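Undergrad: got a sequence here, can you build the structure:
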Amino acid sequence: MDKIEEIEKICQKIIKLDIKIRSARIINSRGHLMAGGMKKGLMSLEAQKQDEMMFMELALRVRMRREFDHQFGEVHFSMSYREKVIVMSFPLSNDDVLLISSEKDWNFGKMPFKILKIIMPLKSKMSTF
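TA: The predicted structure follows:
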């Protein structure tokens, strides 16, 4: 199995964790989609061009947050609770990031920790992708 297939399978595993998860995507350090996507049958809330802008902004934000790792420790995930959706980002190696979106009524208390368990092996492998 090649690397892209492997991270694609991880995205699908995350999408299947909970019915409220809308998407699981892996974005590279330049804000380009590497793997994953929306759950089958769902449409993105934004246009593709807006997706690209969101991915680039997210990649920049992940890099900027690393500036405070020395003082506060490494970021394991970040969450935005928005009017229409919950968006979570999980930094991976080399400034790549896992981006999760879910329905607003998602139980986000425990789910991020389940996702962290799934991606821990991936974090070490991402440096070789």
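Undergrad: measure residue 76 to residue 89 for me?
TA: 10 Å (Cβ to Cβ, to the nearest Å). C-beta: built from backbone N, CA, C; applies to glycine.
Undergrad: compare the two (neighbour count), which wins?
TA: Set side by side, residue 76 and residue 89 show more neighbours around residue 89, with 20 against 13, by other Cβ atoms under 10 Å.
Undergrad: are we agreed that that one is in a strand?
TA: Yes. According to DSSP: H, G, I helix; E, B strand; the rest coil, the state of residue 89 is that of a strand.
Undergrad: bridged to it, which residues?
TA: On the basis of DSSP bridges, residue 89 is bridged to residue 78, residue 99.
Undergrad: what is the least confident helix or strand in this protein?
TA: helix 48-65 (a mean of 83; mean pLDDT, DSSP states H and E).
Undergrad: and that helix, how far out from the chain middle?
TA: Centroid separation between helix 48-65 and its chain, computed with Cα atoms, centre = their mean, to the nearest Å, is 11 Å.
Undergrad: in that helix, what counts as buried?
TA: Using 16 or more other Cβ atoms under 10 Å as the test for burial, helix 48-65 gives 51, 54, 55, 58, 59, 62.
Undergrad: if I look at the first one, how far off is residue 119?
TA: Applying Cβ to Cβ, one obtains 21 Å for the distance of residue 51 from residue 119.
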